[in-house]
Every structure is written in structure tokens, then in C-alpha cells.
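Enquirer: need a 3D model of the sequence below.
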Amino acid sequence: MGYINLFFFFSFLGFVWETAWVSLNEKKFANRGFLKGPILPIYGFGAISVIFSTRNLYNKLSIFIVGSIIATILELITGWAIEKLFKIRYWDYDERFLNYKGYICLRSSLFWGFISIFLYDLTYKFVMPKIKIYENSNISFISYILIFLFLLDTYLSIKDAYGFRKLIEMEEKAEAYKKVLKENLDQKRKNLDEKIDEIKDDSLEIRRELERNFSENIKDYVKKSKDKELRFRNRILSLIESYEFRKEENKERLIQIINGYYKERIKKYKKLERNISKLSKRNKLSYRFKNKD
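Expert: Below you'll find the predicted structure:
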């Protein structure tokens, strides 16, 4: 039970240290525990591993080196496992000097080395004697209660973590679906824009063709009407020329009246032609501006 009691002691000590340090940096209370209870198992396992690995070492430099290596390996494995299992990162050293994927860094490893020396002295000079006194007391059964609570807490915390992982996976799937949906919508919008451009081009060509045919037909109609009027006038004038008037002045007067009448008629046809040309140009210009918009 000695190592188990050491585990609980250093897990609690690690929780107090980690929570106090992070809370001071963030200027608000931060519960750094994975479990619901006030312990951080990584500190407990780390302390046990270091104490067990350095139990036959008496040189502080050796304790520093072995302790930093053992604690760094444990930190790497724990950080990687938690992220892979639960998709959560409880620490990230990405911005620190000489880090490996944010799990470990030089500063942290040096810290573990100094902590190993401190743990070595603390454990053998203070903690172990106190634990032996506790184990020989009438309240040593508390350790079994702590073991039960620790196992129960671990089970519930892992269950919650897996539930949280499912939420993260659902969120990731939703984001992936959202991305695919956006890409499909963008492609459809692009295809629709291309179709609209094609329709605009086709409608412009059709409009131009209609305008061209309309203008040509109107001009042809006006020209034929004007020619018809001129032919009719010429026929009337021919009849007048062939008819014998008693007075020559009556004949000339009648010819002037007819020429004056048809002159006004021809003017109207020419004015109509000009208006048709202006209307055609205005329609083309207006459509061009609308098409640009």
C-alpha cells in the first residue's frame, strides 16, 4: 500500500500545484483535473515512476537526468493518449522552445528534473515516514475508500469524456457536411451564372434579329407606300395632262394643288422613316445599358 498512498498524496499535491499555477496565470479559478475529484493522476504516476527509478541513485545529477527523462516520456504518452482517445488537449507547448507536437518541451523537461530532486528529498525525508505512521494507525482503511472513489471517478470521467468526444465527432461531421454543401452550392451557383450569361447572350442576339427584321420590314413598308403614292400622283398628273381644259390656267392650278398635296404626303413618309430610325437606335442603346447592369 506504500506506493498507492504515495500515488494519492502526489496526485493531490499535483492538483493543488497545477490549479493554483494556471488560476494565477489566467486570473480566474481553473480546475485542471481530468477527474471530478481533487487529484491529477499524471502527477501521481509520474512521482511513483521517478521515485521507483531513482531509488538506488544518490547523485543529484543522476536523479535530475533520470527523473526528467521518465517524466517527459510519461507526459508524452499521456498527452498523446488523451487526445487520441477523447479528442481533448489538456496542455499545449506549441509556442514553447524545442517542443514536440505540443506534448513536451525543453522547459517542461527541465522542470521535471528539478521536481525529481525535490521529490526524492521530500519522499524519503518527510513523506515516507508519515505514510508509515498512517499505515500503522486505525484510520488506514481510508486508503481503500480512496481506491474505490478513484476507480468510480475514473469510470464516470471516462464515460463523460467519451460522450464529449461523440459531441466533437458530431460537430466535425457537421462541419464537413457544411463544407461539402457549401462547395455544391457554389458549383451550382457558378453553373447557374453561366446559364444566365448564355441566356442573356441568346436573348440579345434574338432581340437584335427582331429589331433588324422589324426595322427592315417597316422601312420596306414605308418605301412601298411612298412609291405607291408617287405612282398614283403620276397617274393623276398624266390624266390631267391628257385632258383638255378650256383655260390653261385651270390646268396649271390643279397640277399645283395635286403636287402640293403629295409633297406634304411625301414629307410625312420621310418623317416617319426618321422616327423609325431614331426609335430603333434608342431601343438598341437602352438594351445595351440594361445588359451592362
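Enquirer: residue 39 contacts residue 150, correct?
Expert: Yes: the criterion here is C-beta atoms under 8 Å, and residue 39 meets it with residue 150 at 7.3 Å. C-beta: built from backbone N, CA, C; applies to glycine.
Enquirer: and the helices in the chain?
Expert: In the chain, the segments counted as helices under DSSP state H are 2-26, 41-53, 60-86, 106-122, 128-135, 142-242, 248-292.
Enquirer: name the nearest residue to residue 116, sequence neighbours excluded.
Expert: With C-beta to C-beta, 6 or more residues apart in numbering as the criterion, residue 116 has its nearest non-adjacent residue at 2.3 Å, and that residue is residue 67.
Enquirer: before we move on, the earlier item: any common contacting residues for residue 39 and residue 150?
Expert: Common contact partners of residue 39 and residue 150 (C-beta atoms under 8 Å, 6 or more residues apart in numbering): residue 8.
Enquirer: residue 237 contacts residue 255, correct?
Expert: Yes: between residue 237 and residue 255 there is a contact under C-beta under 8 Å: 6.4 Å.
Enquirer: common neighbours of the two, please.
Expert: With C-beta under 8 Å, 6+ apart, residue 237 and residue 255 have no common neighbours.
Enquirer: and the gap between residue 22 and residue 16?
Expert: Per C-beta to C-beta, to the nearest Å, residue 22 is found 11 Å from residue 16.
Enquirer: wait, residue 158
Expert: Distance from residue 158 to residue 16, by C-beta to C-beta: 23 Å.
Enquirer: please apply the same query to residue 232.
Expert: Distance, residue 232 to residue 16, by C-beta to C-beta: 119 Å.
Enquirer: that older thread, out of the helices of the chain, deepest packed?
Expert: Of all the helices of the chain, helix 41-53 has the most neighbours on average by mean count of other C-beta atoms under 10 Å, namely a mean of 21.
Enquirer: what is the least confident helix or strand in the chain?
Expert: Within the chain, confidence by mean pLDDT, DSSP states H and E is lowest for helix 248-292 among all helices and strands, at a mean of 66.
Enquirer: read off the pLDDT value for the residue nearest in space to the middle of the chain.
Expert: Residue closest to the average C-alpha location in the chain (C-alpha atoms, centre = their mean): residue 179, at 7.5 Å. Reading off the confidence values, residue 179 has pLDDT 71.
Enquirer: for residue 49, same thing?
Expert: pLDDT, residue 49: 84.
Enquirer: also the one 3 residues further on?
Expert: At residue 52 the predicted local confidence, pLDDT, stands at 83.
Enquirer: and for residue 109?
Expert: Looking at residue 109, the pLDDT reads 90.
Enquirer: same check, this time on residue 61
Expert: We have a pLDDT of 90 for residue 61.
Enquirer: state the distance from it to residue 49.
Expert: 19 Å.
Enquirer: just residue 76 next, same as before
Expert: Plainly put, residue 76 is 13 Å away from residue 49 if you go by C-beta to C-beta.
Enquirer: and if you look at residue 108?
Expert: Residue 108 sits 15 Å away from residue 49, taking C-beta to C-beta as the criterion.
Enquirer: quick check: residue 68 touching residue 117?
Expert: No: in this structure, residue 68 is not within contact of residue 117 by C-beta under 8 Å, at 9.9 Å.
Enquirer: quick one: pLDDT of the nearest residue to residue 44 once chain neighbours are set aside?
Expert: Closest residue to residue 44 apart from its sequence neighbours, by C-beta to C-beta, 6+ apart: residue 11 at 3.4 Å. Residue 11 carries a pLDDT value of 87.
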